[in-house]
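Undergrad: Build me a model from this:
(chains A and B)
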Amino acid sequence: MSGIIGRKMATKGILNMNQLLLGSRVFASRTFSSSAKEMTVRDALNSALDEEMSADPKVFVMGEEVGEYQGAYKITKGLLDKYGPDRVLDTPITEAGFTGIGVGAAYHGLKPVIEFMTFNFSMQAIDHIINSAAKSNYMSAGQISVPIVFRGPNGAAAGVGAQHSQCYAAWFAACPGLKVLAPYSSEDARGLLKAAIRDPDPVVFLENELLYGESFPVSAEALDSSFSLPIGKAKIEREGKDVTITAFSKMVGYALQAAEILAKEGISAEVINLRSIRPLDRPTINASVRKTNRLVTLEEGFPQHGVGAEICASVVEESFEYLDAPVERISGADVPMPYAANLERMAVPQVEDIVRAAKRACYRAEKSVPMAAAA
Amino acid sequence: MEILFSKSRSLNHFLMRSRKCWHNLIPRHFESMKAGEQLNHAHNYKEDYHDDLNDEDQVSKGLALNMYSTMVALQTMDNIFYEAQRQGRLSFYLTSTGEEAINIASAAALTLDDIVLPQYREPGVLLWRGFTLQEFADQLFGNKADYGKGRQMPIHYGSNKLNYFTVSSPLTTQLPQAAGVAYSLKMDKKEACVVVYFGDGSTSEGDFHAGLNFAAVMEAPVIFLCRNNGWAISTPVTEQFRSDGIAIKGQAYGIRSIRVDGNDALAVYSATRAARQMAIKEQRPILVEAMTYRVSHHSTSDDSTKYRCVKEIEQWRTEKSPITRFRKWIEGNGWWADQNETELRGNIRKQVLEAIQGAEKVEKPPLKDLFGDVYHKMPSNLQEQERFIRDTIKRCPKEYPSDVPV
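TA: Numbering: from 1, shown residues only, chains lettered A, B, ... in the order given. You can find the predicted model right below:
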């Protein structure tokens, strides 16, 4: 029964796809600006926070080192000077504490943006995120609303070991009541953070430390303070017809690189930037798979119960007859992140892994034992 | 009125015991309003320090009778709902027996603007504020009239209108939340504070530390009201902490703290009023540790006679009960007599039984309440699932329970 409904939704998805044609190659051809403005992800996040705080006095930022220190990763630079200590709060070291306090403030109508120095530390506060924030609107039958944003770097950085490298997308995306976003480019960062702050539901906003310093072109529309991106809509970063590659956050960049390599070998890969992990843009993903008939899911996190597993299940439920090959699932290795550089490199997906998987899906390579298999 | 902060006499004096039963309970020496004053046992109870209070802080006849009736209502409602669970009409219940003074007297000292974050043993605060017996019953039965739309298990009451946050099961999470609510309230510059309730066991949680520390640093107008009732399910306080109770912990965070006889309604009332004034005027947190005894089992899932002495429970249920003590005081003032008592209890009992019978007959919540409020706007996947289940019900109507509205 749900398959029939699903198919109807997938066809709607194709129409939406046309509206999503905002690939970076298209920007380069816009004629109203001779050189597209470039912005780092860090500046994109900072400007989004600044503009939202300016527009709504209820928005405030809270976390460790966000004020005087200008932010552990300088995302909140300049905000303390501009808005004062009432709206940019440096907290004592207690994730459980400031998350609980943020949730309490949200219960009473303020709009906190809580920063975790990395999402690994959010585990010390996860009870408040799930039991106090995510479930409150439902449990209170709409009496207690929680317009809160939890943001911070997620996933692997470089050489920081097991307790600083885990990707939490799958953990948070499993919980109803939360929205989970994962930007890639600067435009994603601006648009999605603004949407998250304005959203009345609790939002988990997963950034990436290594992307903070990367520059991306941004359109004039994206620079406007009223800009925002819809939550729950993926973006086709690169169109293709032979194989669909889904990715989010840093892995989108890797997928685009892999697509370049594949193109030289005659395989046209379609790269989908998920942007939103919960809700997942199932129509876009399914429409793409129905077009290409092959799917490679890509993520940095652990394989078991990961984002790729959910995407695979969704595609099998709704587009089974369209698949010409088994779904390929690329993920991080099923081990806590090792520190040594060579081991770390082997524990996260690399461009070569994506290329190989795409080729396997296209029957252009020997089917080997999957690298990141769960037990 | 000057509050002298508790250089508290050692709790260990009271608590030095094994699990053997005491027949001669050592009178609890702890300080209330006047430093050094001893409070006698229930038999020779003296509430006369109350007469030394200023006029505006005295409890008038009207207020006293209101408080007393509400305490009796709480006790009666607890007994009957408990029995209803035993009869299988409710899935779960949790009573506040023995802690009626903390519930009602603290609530009486607050205004409706003060925001309450409860743990789960404070329905008396809701009762004082105007939640009706019918509203309690509706939540317990999870019927269509329940404000929670049947989403929560019994005793998880909440009311936006009465400024009482919905009860949440994980312990102590309400403490840092209270600091956050107070932070938001501070920005509103209202003549109001936040009152957050918790038990002795809760103080072991990490959130207790975070909540108090933060409230102190942020100078948030919160009253941290601890119901030290001696037990956390089967864990007595000696196994919960080795500090001198909880008042000393508040002091450690730089929070002015007081220990009070939680079974003395007048003391709880005065302490809460003073705490509220201080919290609002000086914009700072205050900790009130109310000493009491959990006469009830932890809940209907517990039989406390398995880990503590029946004689001990009985003593606290009868002679040392806050209702007994307060009754002695109002009778002593000539405001109450036996026939008032019989009439009150009869009346309330009837109302509670009617509320139960009424709630049992009300329909359960409709199907749409399963899917709503997960997010502000129902997402497409839930809309799809709702359509799917409605289709299925249409096709197989016999499979769907006839007494549940669609």
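
Undergrad: make it CA atoms for all contacts and neighbour counts henceforth
TA: OK.

Undergrad: Please, where are all the strands along the stretch 251-400 of chain B?
TA: B:256-261, B:286-291 (DSSP state E, counting those that start in this stretch).

Undergrad: now the stretch 101-250 of chain B
TA: B:115-117, B:194-199, B:222-228, B:231-232, B:235-236.

Undergrad: Spell out which residues of the stretch 201-350 of chain B are next to chain A.
TA: B:G206, B:D207, B:A210, B:G211, B:F214 (CA under 8 Å from any CA of the partner chain).

Undergrad: Need the strands of the stretch 101-250 of chain B in TSV (columns: mean neighbour count).
TA: Shown next, in TSV, are the strands of the stretch 101-250 of chain B (neighbours: other CA atoms under 10 Å in any protein chain shown):
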stretch	mean neighbour count
strand B:115-117	26
strand B:194-199	25
strand B:222-228	27
strand B:231-232	20
strand B:235-236	16
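
Undergrad: how much space between B:K364 and chain A?
TA: Look at B:K364 and chain A: by CA to the nearest CA, to the nearest Å, they are 15 Å apart.

Undergrad: bridging residues for the residue lying closest to B:G201 once chain neighbours are set aside?
TA: Nearest residue to B:G201 in three dimensions, chain neighbours excluded: B:A232, at 5.3 Å (CA to CA, 6 or more residues apart in numbering or on different chains). Taking DSSP bridges as the rule, B:A232 bridges to B:T235.

Undergrad: now the strands of the stretch 101-250 of chain B as CSV including mean pLDDT?
TA: What follows is these, written out as CSV (pLDDT from 0 to 100):
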stretch, mean pLDDT
strand B:115-117, 98
strand B:194-199, 98
strand B:222-228, 97
strand B:231-232, 92
strand B:235-236, 90
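
Undergrad: Switch those over to TSV; also include distance to A:A357.
TA: As requested, the strands of the stretch 101-250 of chain B are exported to TSV (distance: least, CA to CA, whole Å):
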stretch	distance to A:A357
strand B:115-117	53
strand B:194-199	55
strand B:222-228	57
strand B:231-232	56
strand B:235-236	56
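
Undergrad: low pLDDT regions in chain A?
TA: Applying pLDDT under 70 to chain A flags the ranges A:1-35, A:366-375.

Undergrad: And the stretch 1-150 of chain B, by the same measure?
TA: Using pLDDT under 70, the flagged stretches of the stretch 1-150 of chain B are B:1-57.

Undergrad: Show the contacting residues for the residue of it found nearest chain A.
TA: Going by CA to the nearest CA, chain A is nearest to B:G148 of the stretch 1-150 of chain B, at 5.0 Å. Shown in contact with B:G148 (CA atoms under 8 Å, 6 or more residues apart in numbering or on different chains): A:M139, A:S140, A:A141, B:Q139, B:G142, B:Y157, B:G158.

Undergrad: Could you rerun that using 10 Å?
TA: Contacts here follow CA atoms under 10 Å, 6 or more residues apart in numbering or on different chains; on that basis B:G148 touches A:138-143, B:138-139, B:142, B:156-159, B:166, B:365, B:369.

Undergrad: Hmm, B:Y400 and B:T392 touching each other?
TA: Yes: taking contacts as CA atoms under 10 Å, B:T392 lies within contact range of B:Y400: 9.4 Å.

Undergrad: Spatially central residue in the chain, please.
TA: This is for chain A. Nearest to the geometric centre of chain A sits A:A182, at 1.3 Å (CA atoms, centre = their mean).

Undergrad: try chain B instead
TA: Most central in chain B (CA atoms, centre = their mean) works out to B:E122, at 1.6 Å.

Undergrad: The closest residue to B:V196 other than its chain neighbours and B:F165: what is the separation?
TA: Counting by CA to CA, 6+ apart, B:V196 lies nearest to B:L117, which is 4.7 Å off, once chain neighbours are set aside. According to CA to CA, to the nearest Å, B:L117 and B:F165 sit 5 Å apart.

Undergrad: what number of residues lie near the residue of the stretch 151-300 of chain A found nearest chain B?
TA: Closest approach between the stretch 151-300 of chain A and chain B, counting by CA to the nearest CA: A:G177, at 5.0 Å. For A:G177, the count of nearby residues is 25 (other CA atoms under 10 Å in any protein chain shown).

Undergrad: Using the three-state scheme, assign it.
TA: coil (DSSP: H, G, I helix; E, B strand; the rest coil).

Undergrad: thought it was touching A:Y138?
TA: Yes: using CA under 10 Å, A:G177 and A:Y138 qualify as a contacting pair, with a distance of 7.7 Å.

Undergrad: can you list residues touching both of those two?
TA: In contact with both A:G177 and A:Y138: B:D373, B:V374, B:Y375, B:H376, using CA under 10 Å, 6+ apart.

Undergrad: Once you drop chain neighbours, what's closest to A:L295?
TA: A:T244 (4.8 Å).

Undergrad: partners of the one helix or strand that neighbour maps to, with directions?
TA: Taking DSSP states H and E as the criterion, A:T244 maps to strand A:243-247. Within its sheet, strand A:243-247 is paired with strand A:269-273 (parallel), strand A:295-298 (parallel), according to DSSP bridges.
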